[in-house]
Every structure is written in structure tokens, then in C-alpha cells.
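Participant: Coordinates for the following, if possible.
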Amino acid sequence: MEAGYATRTMTREEVALAIGWAAREGWNPGLHDAETFRAADPEGFFVGTLQGEPVASISVVRYEPGFAFLGLYIVRPEWRGRGLGWALWQHGMASAAGRQVGLDGVPAQQPNYRKSGFELAWRNMRHEGRGGASAPADARIVDLAGVPFAAVCAYDRAYFPAERTAFLRAWLAQPDAAGRAWIEDGRLQGYGLVRRCRSGWKIGPLFAEREAIAEGLYLALCSRVGADEAVCLDLPESNPAALALAQRHGMRMVFETARMYTGRPPPVTLHGLYGITTFELG
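Facilitator: Numbers count the residues shown, from 1 in each chain. I've put the predicted structure just below:
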């Protein structure tokens, strides 16, 4: 271990710094990810410093007593291979003691994550297409902002392993984003959000009870993106309907991650999960 290396909780400014590192890694974060991520758990972001200078990052966001999600695991390139990341990993994982932990990691790191007790649940596949779709003329598609927030939180719980009210409050209200919902028979049956990123846009989440709902919401969200701009959808390979949606719209796979958990995968409605919210926070 390098002399003068220390691990601690990040400041607000350091969360933004880690998001900048993620951008340099090619992860293409959203313009407002630093603020929205931190809202989930302000104490869940950790930095490794060498002689006071930040050189490594990790987030272990705690959603409730039983679940946490790990992300933003980055060591600056010039400091890799010296054990700094591993020391920060241990610090972050200790903060989640007693909780199940999930992560979305690059496949090449799966063997390392297995050594820490993580097991593969499924592959996530990032697909990229273009905006410019025509919004469906369907009265069941409404502005997400007009749906009671409590109803959105309750619906979200079927597709995510934990309650995440604080995160959703910030995520759904972020600037440079648009949300759409599907209301049928007086009930919320799907919702999604598209946000501007460093390059292009990303859709996430995209949850729907049937394929036609996912299709309508996808088109409604893509209509908010210019025809000359890229739009990405991070979908679970284990949902063939999500893959079929991407293929129908000429999207191409550009990146993948391994969704892994410590212990048995928690129950989520995979057949209705058409778009992961974010690889960093689950």
C-alpha cells in the first residue's frame, strides 16, 4: 500500500469529480448524475486519497436495511495495480455490512467480483439508436410529472429490489429529462424517463406490464430526442421482449455489463423490465 493513502466519505464536489472520471472511462454519465446519485444516500460515496489527492472512487448506496448497490468503482489510470482500489473496495463493502449488494460490472471483472462473493444474475446489454420518433397519439400516455409520486414509488418497487423514494424524487425531477407514464383503467401500468447525457440521451428506467406499453412509452420518450442524436437503452438480456423492442427500432448493441448480487438474486419483475435505471445505482 502506498504511504499516505486514506479512504473516507466523499464531499459533494468529489461525487462530481467521480462522475467526471466515469465520463473519461467512456461510461457517458448523465448531465445531472452527480446530484441525483448523491440524493440516494449522501454517505454512500467513498474516495481514496493519496497525500490528500483523490485517486480512487466507489459508491455503495444503501437503499434500505437489506439492500445496497455498488458502482463508480474507478482508480485513476496512473495509480492502478497498486492495491488502492482494493483497499477502497473493502472500505465501501464494510459500509454495507448485513445487506445484500448488487452491481453492474464489465464482464472482464466477473472473476474478481466472484472472489468477493458476487454471482452472475443476468447480462445487461446497452443498445444505441437514434431519436426523432413520432409520439403515439394515445391518451393512455401521460406526462409522468402528473402522476402522484406515491403511485410511482409503489409501482417502481416491483422492478427494483428495494424502496428508493429519495433517489426517485431527485431522478424524476432532474433537468434535461422527460418522463412518460401509461395509465389504463385508472392504474399506472408502466413508466419511463429519458435524460440528456454527456453524449446523446439514455432511457432509464423503462418498466411496462406488456410489450405494447413498452413500445408506446419508448416512442414517446424517443420523440423528445432529435433525429440526429443518439439514444441508448440498457436492457436485461433475460427479457426477450426488451431485446425484440431494440431490434425493431434498429438499435445496435454497443456495451454490456454483468448484473451480479451477493447471494440469490432478489425478486424483481424481469419480464416487465425493459430498461435499467442506471448501471451505477441499479
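Participant: Which helix or strand lies directly C-terminal to the lowest-mean-pLDDT helix or strand in the chain?
Facilitator: Ranked by mean pLDDT, DSSP states H and E, the weakest helix or strand in the chain is helix 110-115, scoring a mean of 94. Following helix 110-115 in sequence order, the next helix or strand is strand 118-130 (DSSP states H and E).
Participant: any idea how far whatever helix or strand comes next after that next one is from the chain center?
Facilitator: Per DSSP H and E, the first helix or strand lying C-terminal to strand 118-130 is strand 141-143. Centroid separation between strand 141-143 and its chain, computed with C-alpha atoms, centre = their mean, to the nearest Å, is 23 Å.
Participant: now swap in stretch 237-249 and tell me
Facilitator: Put simply, stretch 237-249 sits 18 Å off its chain's centre (C-alpha atoms, centre = their mean).
Participant: Could I get the contacting residues of the nearest residue to residue 96 once chain neighbours are set aside?
Facilitator: Distance criterion C-beta to C-beta, 6 or more residues apart in numbering; nearest residue to residue 96, sequence neighbours excluded, is residue 68 at 4.0 Å. Just so you know, the C-beta spots here come from the backbone N, C-alpha and C atoms, and that holds for glycine as well. Each residue near residue 68 by C-beta atoms under 8 Å, 6 or more residues apart in numbering is listed here: 44, 60-62, 95-96, 99-102.
Participant: quick one: which of those sit in helices?
Facilitator: residue 95 (DSSP state H).
Participant: Now render the contacts of residue 68 as a markdown table, adding neighbour count and distance to residue 229.
Facilitator: What follows is the contacts of residue 68, written out as a markdown table (neighbours: other C-beta atoms under 10 Å; distance: C-beta to C-beta, whole Å):
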| residue | neighbour count | distance to residue 229 |
| --- | --- | --- |
| 44 | 26 | 32 |
| 60 | 25 | 33 |
| 61 | 29 | 29 |
| 62 | 18 | 35 |
| 95 | 17 | 38 |
| 96 | 18 | 37 |
| 99 | 19 | 38 |
| 100 | 17 | 37 |
| 101 | 22 | 35 |
| 102 | 26 | 30 |
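Participant: Can you name the helix or strand that residue 168 falls in?
Facilitator: Counting by DSSP H and E, residue 168 is part of helix 165-171.
Participant: model confidence over that helix, on average?
Facilitator: Computed over helix 165-171, the mean pLDDT rounds to 98.
Participant: contact partners of it?
Facilitator: Contacting residues not belonging to helix 165-171 are listed as 35-37, 39-41, 61, 63, 149, 152-153, 156, 193, 277, 281 [C-beta under 8 Å, 6+ apart].
Participant: now, which of the residues you listed sits nearest residue 174?
Facilitator: residue 36 (5.3 Å; C-beta to C-beta).
Participant: May I see the buried residues of the least confident helix or strand of the chain?
Facilitator: residue 113 (16 or more other C-beta atoms under 10 Å).
Participant: how far out from the middle of the chain is that helix?
Facilitator: That offset, for helix 110-115, works out to 20 Å (C-alpha atoms, centre = their mean).
Participant: Convert the C-alpha atoms of that helix to CSV, please.
Facilitator: The C-alpha trace of helix 110-115 is given here as CSV (Å, rounded to 0.1, in the frame of the first residue of the first chain):
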residue,chain,number,x,y,z
GLN,A,110,-16.6,-11.1,-13.1
PRO,A,111,-13.8,-13.4,-11.7
ASN,A,112,-12.7,-10.7,-9.3
TYR,A,113,-16.3,-10.0,-8.2
ARG,A,114,-16.9,-13.7,-7.7
LYS,A,115,-13.9,-13.7,-5.3
